[in-house]
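> Pasting a predicted model and its sequence here:
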Amino acid sequence: MSSDSDLDAASVARTETVATFDHEPTGLLSRLQHALHSSPSLVPLIVLVLSVAIFGALLGGKFFSTFALTLILQQVAIVGIVGAAQSLVILTAGIDLSVGAIMVLSSVVMGQFTFRYGLPPVASIAIGLALGTLVGFINGWLIARIKLPPFIVTLGVWQIALAANFLYSGNETIRAQEIETNAPLLQFFGQTINIGGAVFTYGVIFFVLLVLLLAYVLRHTAWGRHVYAVGDDPDAAELSGVNTRKVLISVYMLSGLICAFAGWALIGRIGSVSPTSGQSANIESITAVVIGGISLFGGRGSILGMLFGALIVGVFSLGLRLLGADAQWTYLLIGALIIAAVAVDQWIRKVSV
């Protein structure tokens, strides 16, 4: 009998020992790790606040002027819109290398259909948006149905869209004066509005509203939860009743549509329709997403983090320029931030292991 009671006591002791692993973390570093795991956008927000404070201390009112702060927003608006599209794809553990090409091709189609075929700007813009959505559908269909790797599919579509862009446009630019005179609607996102003394373009307002809308959709709708589920574990998501193929196709279609809107905003930003513009949007969008704390492994992150990531790049670019530093320092520091962001992401992910 005594041996049975000893076994029961040992069993209880083992149970209590195991149960202690479920307690809340007590160490400061462990608490920080759990806090960042539950709110990944905290990291880029902290970096953004620190960078603004540092450049503000170095430059004073020159940096904190209304002009400088609104200029940052204008500079990152296009990258931010494309980054929103990239965020959706990366949340599903994919990647889209064609976002920049879709953006430029859509803008070229909007311009060419207006000036070559004489269509009303509204119809041309609608065709450009539809084209972006169609290219996104092709990406999604090849990835979800044919099971091709996202990297390979979007790399191929990037080359095809880029070639189609140059072949169709004849590498000709539609000048800003022509657009301003005959089709000002194409430059809509470049028009400005005064809010409390600060001058914003409609492109900046669209960028901020798009991020807020997607943040709400991703967090508070069934579709948004399915996007996270597919990125975290597609097999488990499918077993729980999620149509993973449908989710993936819808994500790439929405990404293509957002990139087409970025193409429209690009016309407003530069004033003209240029087939050679926006060639670095692919890398810049991935940079904003990674610095923004969205995991490249999918299933974790916040689109608000991408907003902070894009702003960090803008703050560093403008701050270093105002300090008179060589432009290469911007690339150096942003490269270091990318590596640091991935390292922090790996550290945070250990919480769930």
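All right, it came through fine.
> measure stretch 109-127 end to end?
With Cα to Cα, to the nearest Å as the measure, the first residue of stretch 109-127 is 8 Å from its last.
> ok so Val199 is a helix residue?
No: using DSSP: H, G, I helix; E, B strand; the rest coil, the assignment for Val199 is strand, not a helix.
> What number of residues are in the vicinity of it?
Residue neighbour count, defined by other Cβ atoms under 10 Å, stands at 14 for Val199. Any C-beta I mention is one placed from the backbone N, CA and C, and that applies to glycine too.
> Can you tell me who it pairs with across the strands?
In this entry, Val199 is beta-bridged to Asn194, by DSSP bridges.
> residue closest to the middle of the protein?
For the chain, Gly83 is the residue whose C-alpha lies nearest the centre (Cα atoms, centre = their mean; 2.5 Å).
> List the contacts of Ala310.
Contacts for Ala310 were tallied using Cβ atoms under 8 Å, 6 or more residues apart in numbering; they are 76, 79-80, 83, 288, 292.
> quick revisit: quick check, the residue nearest to the centre of the chain in contact with Val289.
Yes: using Cβ atoms under 8 Å, Gly83 makes contact with Val289 at a distance of 5.7 Å.
> Next, count neighbours for Ala281.
The number of residues packed near Ala281 is 26, by other Cβ under 10 Å.
> same question, the one 3 residues further on
Other residues lying near Glu284 total 22 when counted by other Cβ under 10 Å.
> Now do it against Val104, distance only.
Between Glu284 and Val104 the distance is 13 Å, computed by Cβ to Cβ, to the nearest Å.
> Repeat that for Ala340.
When Cβ to Cβ is the yardstick, Ala340 and Val104 sit 31 Å from each other.
> neighbour count winner among those two?
Taking neighbours as other Cβ under 10 Å, Ala340 and Val104 compare with Val104 leading, 27 against 14.
> any idea which element the more buried one lies in?
The secondary structure element spanning Val104 is helix 99-115 (assigned by DSSP states H and E).
> Enumerate the positions of that helix that are buried.
By 16 or more other Cβ atoms under 10 Å, the buried positions in helix 99-115 come out as 99-115.
> related to what we said a few turns ago, list the helices and strands whichever strand or helix holds the residue nearest to the centre of the chain packs on?
Under DSSP H and E, the secondary-structure element containing Gly83 is helix 66-91. With contacts taken as 3 or more Cβ pairs under 8 Å, 6 or more residues apart in numbering; DSSP states H and E, helix 66-91 sits against helix 99-115, strand 198-201, helix 202-220, helix 222-232, helix 244-270, helix 281-291, helix 303-322.
> Surely Ile90 is in contact with Ile294?
Yes: Ile90 is in contact with Ile294 according to Cβ under 8 Å; the separation is 5.6 Å.
> Find residues that contact each of these two.
For the pair Ile90 and Ile294, residues contacting each of them under the criterion Cβ under 8 Å, 6+ apart are Gly301.
> check contacts around Ala144.
Residues counted as contacts of Ala144 (Cβ under 8 Å, 6+ apart) are 244-246, 248-249.
> can we see that at 6 Å?
For Ala144, the contacting residues are 245, 248-249, by Cβ atoms under 6 Å, 6 or more residues apart in numbering.
> ok, and the most crowded of those?
In terms of neighbour count, Leu248 stands highest of the contacts of Ala144 at 26 neighbours, by other Cβ under 10 Å.
> if I look at that residue, how far off is Ile160?
Summarising the geometry, the distance separating Leu248 from Ile160, computed by Cβ to Cβ, is 20 Å.
> neighbours of Ala229, just the number please.
For Ala229, the tally of surrounding residues (other Cβ under 10 Å) stands at 19.
> so what's it closest to, chain neighbours aside?
Closest residue to Ala229 in three dimensions, ignoring its sequence neighbours and counting by Cβ to Cβ, 6 or more residues apart in numbering: Ala237, at 3.9 Å.
> and the one you found, how many neighbours?
As a measure of burial, Ala237 has 21 neighbours, counting by other Cβ under 10 Å.
> Just to be sure, Leu97 is in a strand?
No: counting by three-state DSSP, Leu97 is not part of a strand but coil.
> So the residue found closest to it once you drop the neighbours it is linked to in the chain versus Gly292, what's the distance?
The spatially closest residue to Leu97, leaving aside those adjacent along the chain, is Thr154, at 4.2 Å (Cβ to Cβ, 6+ apart). For Thr154, the distance to Gly292 (Cβ to Cβ) stands at 20 Å.
> Same check on His220?
When distances are taken as Cβ to Cβ, His220 and Gly292 turn out to be 20 Å apart.
> how much distance is there from the helix or strand that the helix holding Val104 is followed by to the middle of the chain?
Secondary structure here is assigned by DSSP H and E; on that basis, the next helix or strand after helix 99-115 toward the C-terminus is helix 121-144. On the basis of Cα atoms, centre = their mean, to the nearest Å, helix 121-144 is displaced by 18 Å from the centre of the chain it belongs to.
> list the buried ones in helix 121-144?
Buried residues in helix 121-144, defined by neighbour count with 16+ other Cβ under 10 Å: 121, 124-125, 127-129, 131-133, 135-144.
> Low-confidence bits of this structure, can you list those?
With pLDDT under 70 as the threshold, the chain has low-confidence stretches at 1-27, 29, 32-38, 349-353.
> Report the separation between the residue lying closest to Gly256 once chain neighbours are set aside and Leu210.
Distance criterion Cβ to Cβ, 6+ apart; nearest residue to Gly256, sequence neighbours excluded, is Gly136 at 2.1 Å. In this view, Gly136 and Leu210 are 16 Å apart by Cβ to Cβ.
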